[in-house]
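[1] how would this look folded up:
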Amino acid sequence: MPPPVVDAKQGDIYWVDIPVEHTVGSEQYKRRPYVIVSRTLLNRSSRTVIAVPLSTVDATTAAKHPPHRILIPAQEINKDIGFGGTVHDSVAKTDQVRVLDKQRLQNKMGTLSATAVAAVGLGLAFLLDLR
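    Coordinates of the predicted model:
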């Protein structure tokens, strides 16, 4: 396993592999991008981060998602220079928020725009009924 990412910032997107045997029921598994939602200052002093999984979405089906599933248009994702893949429209599954050890963070995909980070935060606030 690679050394843990020490400088994970809020809004960074990393590939994470969660084996199916580490999940139960409807929990997210397999290799997918996760966006870091925990505060950058806390991330620096902790061995863990809090993250939300992203899933690709077709724009025509995006309206069918509940309000806590946040549509992230591809143009709101700033692709990392080292990422050779394609960025797609995605949905942030805030109802699948997860604590991850930094050792799980693999290749950096990119970073969400400030607007997209705020939208994910609003999705979490809605989900948790925070006012």
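[2] Now do L130 against L122, distance only.
    10 Å (CB to CB, to the nearest Å). C-beta coordinates here come from the backbone N, C-alpha and C atoms, glycine included.
[3] Over to S45?
    26 Å.
[4] For these two, indicate the residue with more neighbours.
    Neighbour count, other CB atoms under 10 Å: between S45 and L122, L122 has more, with 15 against 6.
[5] Pull the residues that contact whichever strand or helix holds the more buried one.
    Here L122 sits within helix 114-128, counting by DSSP states H and E. Helix 114-128 is contacted by residues 10-11, 35, 37, 52, 67-70, 72, 76-77, 92, 94-95, 97, 112, 130-131 when judged by CB atoms under 8 Å, 6 or more residues apart in numbering.
[6] try it again with 10 Å
    9-13, 35-37, 50, 52, 54, 66-73, 75-78, 90-95, 97, 111-113, 130-131 (CB atoms under 10 Å, 6 or more residues apart in numbering).
[7] What subset of those residues is buried?
    9-13, 35-37, 50, 52, 54, 68-73, 76-77, 90-95, 97, 111-113 (16 or more other CB atoms under 10 Å).
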